[in-house]
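Asker: Give the three-dimensional model of this entry:
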Amino acid sequence: MIILLGILAFIVMVFSIVSLFVVRRRDETNEWDETIPASPEIIQKLASIKMAVVSGILGVIFLFGLNGAFFVADGTEQYGVQYIWGQKVAVREPGLKFMGWGKVIPIGNEIAVKYVIPNKDGEYPENSEFTETIPAKEWEFNDAVKGEVASTVVINTVDMPDEAFLELVFNVRSEKNLIYSRILPAMNAALKTSAKLMGAQDYMSGKASDFDYYYKDQLINGAYRLEEIANKTGDESTVLDSTLTKIGADKISEGAQPKSKSYVIMKENGIIIRQDESTVFSTYSIRVITATAEDVDWESKFNDRLDKQKELVAQIQERKRGAEKEYYARLEAEQAGEKNKTIEEKKLEKEQIQLTIAAETRVLTSKKKIEEERNKLEAQRLASQTLKVAKDAEAYANRQLVRAGLTPQERAELERNMNKDKWESIGKMRFDGVYMLQDGKTTSSDGDGFLSKFIGAQMGKDMLSKKSSK
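Answerer: Predicted structure coming up:
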């Protein structure tokens, strides 16, 4: 704006000087007696030495005086200002600011730097107004696979202390130089080290978040110092030359793999050892908002082999699904068999319980019947003893009568009557309740009454033998 005013002032000065020679301050008559009117009043005022001098002075002031005295600060940038007498100040608020004919270095509030990979047509995206885009570099992972890593870093300078901001601004001298001399080297060191900490297949198998963590940590605090621990054959999950073999279940038999190197982060007393003690971000208190790796463009050789691996994995997955289907079908059949088996077992258990209850009932019934028969036998035995006592008493009475002087005829009649009564009593006795004990078990026998008859005959014999002995 100030420059435009200065240029406008010089234009007015030139116009004033030229007008001094062509302006007409009054009406004039030409050779044909025609009246030529005077120049307009404003032209007459401009066509003066005073106006030319004033315009020239104003032009010098605007172009050479005010042009270096002020500048307009934008709200999207911060400025490092060095006055003509050497003083440095940080201008971090928008508006019209005094610059003292010194130097002004603008730095964006947020600076975005992107490593980009080409599209299918091999073209790179163009730089945007607020993002610096750079073609991605190729890095080698620890399984010897190379790829171009597309990454983004966004930093914030608003929270920087004034002293750190001024030191950074006058050291780098421009935002472009800050990107190429400080930010990009830090990004390259972090990407290189992060790639060495994992294989390409590891990255693709879910460790991309670990890669981002390593990347951002190294940007802020410095690149790791790595230690090579051993050479090894490429991880089994990294399939470059793979063949499908059938050994029991389907498996991928790994072919020859390129040798790779394994690295670990060096530590001392549990503290990570870094290549540098600080970075541009930690030194100047620059806040890293974002540091991520969005994509990797793998070398074509790896992509071809990866496609083969995906095809093999797809075949295995298909066979695995078939095997799982068969397994679940077999499991379902086994479960149905188990269910039927359980039902049958329950049925048999129920029948067995019923049989057990019936057997126990029969046992209890038998015991009760045996007890009843035993009671009957005891009652008959008591009845027999009672009868025997009664008859013995009668016999004793008869003997006493005989001793008292009975005649032989009366004694014979008496004995006949006694014997008649005994044999009638014996004939009336029943032994059907007799039980026999065999092998620890009590059994009863009714039969045709033979046992009862035999016992009665034996008792009679005993009585006759006793009589004979007397």
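
Asker: do you know how far the closest residue to Val12 other than its chain neighbours is from Val18?
Answerer: Ranked by CB to CB, 6 or more residues apart in numbering and with sequence neighbours excluded, the top spatial neighbour of Val12 is Ser55, at 4.0 Å. From N, CA and C alone the C-beta is placed, and that goes for glycine too. Taking CB to CB, to the nearest Å as the measure, Ser55 and Val18 are separated by 12 Å.

Asker: Which one's more surrounded, the two?
Answerer: Neighbour totals were compared for Ser55 and Val18, and Ser55 leads with 21 against 13 (other CB atoms under 10 Å).

Asker: Give the helix, strand or coil label for that one.
Answerer: Per DSSP: H, G, I helix; E, B strand; the rest coil, the local secondary structure of Ser55 is helix.

Asker: wouldn't it be in contact with Met13 here?
Answerer: Yes. Here Ser55 lies in contact with Met13, judged by CB atoms under 8 Å, at a distance of 3.6 Å.

Asker: For Glu175, which residues are in contact?
Answerer: The contact partners of Glu175, taken as CB atoms under 8 Å, 6 or more residues apart in numbering, are Pro106, Ile107, Gly108, Ile111.

Asker: So which of these belong to strands?
Answerer: Counted as lying in strands by DSSP state E, out of the contacts of Glu175, are Pro106, Ile107, Gly108, Ile111.

Asker: what's the domain layout of this structure?
Answerer: Under the assignment automatic domain parsing, the domains of the chain span 2-104, 109-234+255-298.

Asker: weakest of the ones you listed in terms of mean pLDDT?
Answerer: Lowest mean pLDDT within those: domain 2-104, a mean of 75.

Asker: how many neighbours does Asn177 have?
Answerer: Counted with other CB under 10 Å, residues neighbouring Asn177 total 12.

Asker: so it sits in a helix?
Answerer: Yes. In this structure, Asn177 lies within a helix as judged by three-state DSSP.

Asker: what sits against it?
Answerer: With the criterion set at CB under 8 Å, 6+ apart, Asn177 makes contact with nothing.

Asker: do you know how far it is from Asp276?
Answerer: Plainly put, Asn177 is 20 Å away from Asp276 if you go by CB to CB.

Asker: Ala164 too?
Answerer: 18 Å.

Asker: any chance of the contacts of Glu175 in JSON lines, plus neighbour count?
Answerer: Supplementary listing: these in JSON lines, determined by neighbours: other CB atoms under 10 Å:
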{"residue": "Pro106", "neighbour count": "16"}
{"residue": "Ile107", "neighbour count": "20"}
{"residue": "Gly108", "neighbour count": "18"}
{"residue": "Ile111", "neighbour count": "20"}
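
Asker: Would you tell me which one of these comes nearest to Leu382?
Answerer: Minimum separation from Leu382 among the contacts of Glu175 (CB to CB) is found for Ile111, which lies at 126.4 Å.

Asker: Go ahead and confirm the closest one touches Ile183.
Answerer: Yes. When contacts are counted by CB under 8 Å, Ile111 is listed as touching Ile183 (7.4 Å).

Asker: Mind listing the shared neighbours of these two?
Answerer: With contacts defined as CB under 8 Å, 6+ apart, the residues adjacent to both Ile111 and Ile183 are Ile155.

Asker: Can you report how many residues neighbour Thr279?
Answerer: By other CB under 10 Å, 24 other residues sit near Thr279.

Asker: State the phi and psi torsions of it.
Answerer: Backbone geometry at Thr279, expressed as degrees, to the nearest 10, gives phi -120, psi 180.

Asker: helix, strand or coil for Glu294?
Answerer: strand.

Asker: which residue sits closest to it in space, ignoring its chain neighbours?
Answerer: In space, and not counting its chain neighbours, Glu294 is closest to Ala150: 4.9 Å by CB to CB, 6+ apart.

Asker: And Gly75, by the same measure?
Answerer: Pro94 (3.9 Å).

Asker: neighbours of that neighbour, just the number please.
Answerer: The local packing of Pro94 (other CB under 10 Å) involves 13 other residues.

Asker: which ones are touching it?
Answerer: Neighbouring residues of Pro94 by CB under 8 Å, 6+ apart: Ala73, Asp74, Gly75.

Asker: before we move on, what about Asn127?
Answerer: Contacts of Asn127 were listed using CB under 8 Å, 6+ apart, and they are Thr133.

Asker: tell me the secondary structure for it?
Answerer: When the rule is three-state DSSP, Asn127 gets the label coil.

Asker: how near is it to Pro135?
Answerer: Taking CB to CB as the criterion, Asn127 is separated from Pro135 by 12 Å.

Asker: again with Asp297
Answerer: Asp297 sits 11 Å away from Pro135, going by CB to CB.

Asker: Now do the shared contacts for those two.
Answerer: Listed contacts common to Asp297 and Pro135 are Ile117, Pro118; contacts here mean CB under 8 Å, 6+ apart.

Asker: Name the residue in the two with the higher neighbour count.
Answerer: Using other CB under 10 Å as the criterion, Asp297 and Pro135 rank with Asp297 on top: 15 against 11.

Asker: Wasn't the more buried one part of a strand?
Answerer: Yes. Using three-state DSSP, the secondary structure at Asp297 is a strand.

Asker: need the contact list for it.
Answerer: By CB under 8 Å, 6+ apart, the contact set of Asp297 is Ile117, Pro118, Ala136, Gly147, Glu148, Ala150.

Asker: Look up which residues are beta-bridged to it.
Answerer: Asp297 has the following beta-bridge partners by DSSP bridges: Glu148.

Asker: Geometrically speaking, which residue is the centre of the chain?
Answerer: Among the residues of the chain, the smallest C-alpha distance to the mean C-alpha position (CA atoms, centre = their mean) belongs to Gly206, namely 12.7 Å.
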